[in-house]
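Novice: return a 3D structure for these sequence lines:
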Amino acid sequence: MSITRRSLLKGMAATSAVAATTMSSGCTSAQQNPTDSSLSNTKIKKPNLLIVFPDEMRAQSLGFMNQDPSDTPHINRFANQSAVLHQAVSNFPLCTPFRGMLMTGQYPYRNGIQGNSHTAMPGKFGGKDFGIELKKNTRTWSDVLKDQGYSMGYIGKWHLDTPEAPFIPSYNNPMEGRYWNDWTAPDRRHGFDFWYAYGTYDKHLTPMYWTNETPRDQPIKVNQWSPEHEADIAIKYLRNEDGKYRDSNKPFTLVVSMNPPHSPYDQVPQKYLDKFDGQTSESLNTRPNVQWDKDYQEGYGPAYFKEYMAMVHGVDAQFGRIIDELDRLGLEEDTLVVFFSDHGCCMGSNGKPTKNVHYEEAMRIPMMFRWPGKIAPRQDDLLFSAPDIYPTIFGLMGMPELIPDTVEGFNYANSVHGLEGDNRPTSQMYTFMPYGGQSYGRRGVRTDRYTLMVDRKIGKPLTFVLHDNQNDPYQMQNIAQQNESIVASLIEEELLPWLEHTGDPWRPTEVPASTANAYT
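Specialist: Predicted coordinates for the structure are as follows:
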């Protein structure tokens, strides 16, 4: 893992100090680099920040990756202008846990966001039963920027609060025994003063939103595909005509959180499907690890790949509109733009319908940073993780001293710039925690060659999965049983340091020798 003693001490400090919401100096070698620290001169104009992140958009769906047969001309052009991190991952590839890592810079055990935020009907359990939501008193990066004088805007999906009774009428309240969608009260918006958002709501063709003016019981209903509508609102925010959306005398931060290409896959306008006219999901979804004959839940699986590609195409078009408007307004040289996704989607790869697994299609995400004149276009295979987004953005914006010691991610601003000075990681952590069972579930690591996943269930022996991603890029073979020494080495040298760094109580036992049922 290549974790320094300094970072381990920082992790221990985070455990004992929820109160550590005060700002402190940087905590990685990158933050001590003269090139990095010189950016923090207070006389330099504070840059704007624009974050755009769709939901469930896997790295393989980016056209320039030459894997999925997608059509993403705007993202391709953006990549040519950006620092692109090809090996970025979502460490807990599920909506709310990723959003928790993004906002806090902490891994799920530390920030307490260890599953999806929802509220269960009687007789069932949900995230609310285990306190899974972004707490009001948590110090997020948006709180920090608000205190630095930024105008703060948030558009789209939030999914960091558990719904409260009386529940808002919504198609997914309840759904599958849980309540999903609710507004976010103003005192839970973590510094965002322009609000045009919802909790989680997947009717993409007829979305609903709460704004600064709408009370909880009067959300806005819209008859427009959600990425198109959100791009419209984002463009209005950037134009800021008559100062209606933000204080034009302040730097701004705008987050646009699009829900597609998240399921349901039939929620996509025909014009984007027309791009793939004459094609079928079978002709498009040609990854050799796709299992077509599995009995998937209705509405999921590889049969919807054409619709998934259409959504990706539509998101690309709306992202392009936002970036084109930013450039037209002459804001490009004053604005750091960051594009990523919360996790990927398997679409039938290795028999998995969506996410929340260790496979490449679920874990790997887009990660691009564009800032003309400040960040040179380049590509890097840095093993970048979700909690690194927060500190790296602050490093790039010249604010490394504002990164709290509670942040467990690392500032890789130097690596994004192509400079030396970062303690580059040798692995990325993978985690899945069952609700209320943090000592159980799955843990693992992903290195530049291997993916290891270890599963602990109550009363059962550990199971081990090892993939050689160089020789088996589609992860179709589990080679753990034949490579116990590699498994043991990855646990000792990579996984255990990650568990220590993040305060995670999960621990593997000794690798069982010749236990056939331990390898699945």
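Novice: show me where the stretch 51-200 of the chain has helices.
Specialist: Assigned by DSSP state H, counting those that start in this stretch, the stretch 51-200 of the chain shows helices spanning 73-80, 95-104, 108-111, 141-147.
Novice: export those as CSV, with columns for mean pLDDT, mean neighbour count and distance to residue 186.
Specialist: C-beta coordinates here come from the backbone N, C-alpha and C atoms, glycine included. CSV is the format used below for those (pLDDT from 0 to 100; neighbours: other C-beta atoms under 10 Å; distance: least, C-beta to C-beta, whole Å):
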stretch, mean pLDDT, mean neighbour count, distance to residue 186
helix 73-80, 98, 18, 33
helix 95-104, 98, 26, 17
helix 108-111, 96, 24, 22
helix 141-147, 98, 20, 13
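Novice: closest to residue 348 out of those?
Specialist: Comparison of the helices of the stretch 51-200 of the chain against residue 348 by C-beta to C-beta identifies helix 95-104 as nearest, at 19.9 Å.
Novice: tell me which residues are up against the closest one.
Specialist: Helix 95-104 is touched from outside by 55, 90-92, 106-108, 110-117, 127, 132-134, 138-142, 157-160, 190, 200, 342-343, 385-387, 389-390, 406-407, 409, with contacts defined as C-beta atoms under 8 Å, 6 or more residues apart in numbering.
Novice: next one: stretch 465-483
Specialist: Residues external to stretch 465-483 that are found in contact with it (C-beta under 8 Å, 6+ apart): 287-289, 349-350, 358-360, 444, 446, 449-455, 464, 486-487, 490, 516, 518-520.
Novice: in PyMOL, select just the buried ones from the residues you listed.
Specialist: Of the contacts of stretch 465-483, the buried ones go into a single PyMOL selection, burial set by 16 or more other C-beta atoms under 10 Å:
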select buried, resi 287+289+349+350+358+359+360+444+446+450+451+452+453+454+455+464+486+487+490+518+519
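Novice: from the contacts of stretch 465-483, which land in strands?
Specialist: Filtering the contacts of stretch 465-483 for membership in strands, criterion DSSP state E, returns 444, 446, 450-455, 464.
Novice: the nearest residue to residue 465 once chain neighbours are set aside and residue 71: what is the separation?
Specialist: If you skip the residues right next to it in sequence, residue 465 has residue 453 as its closest partner in space, 4.4 Å away by C-beta to C-beta, 6 or more residues apart in numbering. Look at residue 453 and residue 71: by C-beta to C-beta, to the nearest Å, they are 33 Å apart.
Novice: the helices of the stretch 51-200 of the chain: which one's closest to residue 267?
Specialist: The closest approach between residue 267 and any of these, judged by C-beta to C-beta, belongs to helix 95-104 at 16.2 Å.
Novice: so how far is that closest one off the chain centroid?
Specialist: If you compare the mean C-alpha spot of helix 95-104 with that of the full chain, they lie 7 Å apart, counting by C-alpha atoms, centre = their mean, to the nearest Å.
Novice: likewise for stretch 270-278?
Specialist: The chain centre lies 28 Å from the centre of stretch 270-278; the measure is C-alpha atoms, centre = their mean.
Novice: next, the buried residues of it.
Specialist: Counting neighbours by 16+ other C-beta under 10 Å, one finds that the buried residues in stretch 270-278 are 272-273, 276.
Novice: what about stretch 390-402, start to end distance?
Specialist: End-to-end distance of stretch 390-402: 11 Å, with C-alpha to C-alpha, to the nearest Å as the criterion.
Novice: who's in contact with stretch 236-256?
Specialist: In this structure, residues lying in contact with stretch 236-256 by C-beta under 8 Å, 6+ apart are 45-53, 142, 145, 149-156, 192-194, 230-231, 234, 322, 325-326, 329, 331, 334.
Novice: drop anything exposed from those.
Specialist: Buried members of those, counted by 16+ other C-beta under 10 Å: 46-53, 142, 145, 150-156, 192-194, 230-231, 234, 322, 325-326, 334.
Novice: so the closest residue in space to residue 183 that isn't next to it in sequence, which state does it fall into?
Specialist: Nearest in space to residue 183, with sequence neighbours left out and distances taken as C-beta to C-beta, 6+ apart, is residue 210 at 4.3 Å. Three-state secondary structure (criterion: DSSP: H, G, I helix; E, B strand; the rest coil) places residue 210 in strand.
Novice: picking up where we left off before, among the contacts of stretch 236-256, which ones are in strands?
Specialist: 48-52, 151-156, 194.
Novice: how about the spatially most central residue of the chain: what's its closest non-neighbour residue?
Specialist: Nearest residue to the geometric centre of the chain (C-alpha atoms, centre = their mean): residue 342, 2.7 Å. The spatially closest residue to residue 342, leaving aside those adjacent along the chain, is residue 98, at 4.0 Å (C-beta to C-beta, 6+ apart).
Novice: any idea how far residue 478 is from that neighbour?
Specialist: Note on residue 98: its distance to residue 478, by C-beta to C-beta, is 26 Å.
Novice: ok, back up a step: any chance of the buried residues of stretch 270-278 in TSV, plus distance to residue 374, secondary structure and pLDDT?
Specialist: Listed next are these as TSV, based on distance: C-beta to C-beta, whole Å; DSSP: H, G, I helix; E, B strand; the rest coil; pLDDT from 0 to 100:
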residue	distance to residue 374	secondary structure	pLDDT
272	33	helix	98
273	39	helix	98
276	37	helix	98
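Novice: let me have those in TSV, adding distance to residue 413 as columns.
Specialist: Converted to TSV, the buried residues of stretch 270-278 look like this (distance: C-beta to C-beta, whole Å):
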residue	distance to residue 413
272	36
273	40
276	39
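Novice: what lies in contact with stretch 57-71?
Specialist: Stretch 57-71 is contacted by residues 72-73, 75-76, 79-80, 86, 88, 261, 275, 279, 284, 286-287, 308-309, 312-313, 315-316, 341, 343-345, 360-362, 364-366 when judged by C-beta under 8 Å, 6+ apart.
Novice: may I have stretch 279-286 as PDB, with CA atoms only?
Specialist: Once non-C-alpha atoms are left out, stretch 279-286 reads as follows in PDB (Å, rounded to 0.1, in the frame of the first residue of the first chain):
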ATOM      1  CA  GLN A 279     -28.000  -2.600 -33.300                       C
ATOM      2  CA  THR A 280     -29.200  -4.900 -30.400                       C
ATOM      3  CA  SER A 281     -27.900  -5.300 -26.900                       C
ATOM      4  CA  GLU A 282     -26.400  -8.700 -28.100                       C
ATOM      5  CA  SER A 283     -24.500  -7.100 -31.000                       C
ATOM      6  CA  LEU A 284     -23.200  -4.200 -28.800                       C
ATOM      7  CA  ASN A 285     -22.400  -6.000 -25.500                       C
ATOM      8  CA  THR A 286     -19.600  -8.300 -26.700                       C
END
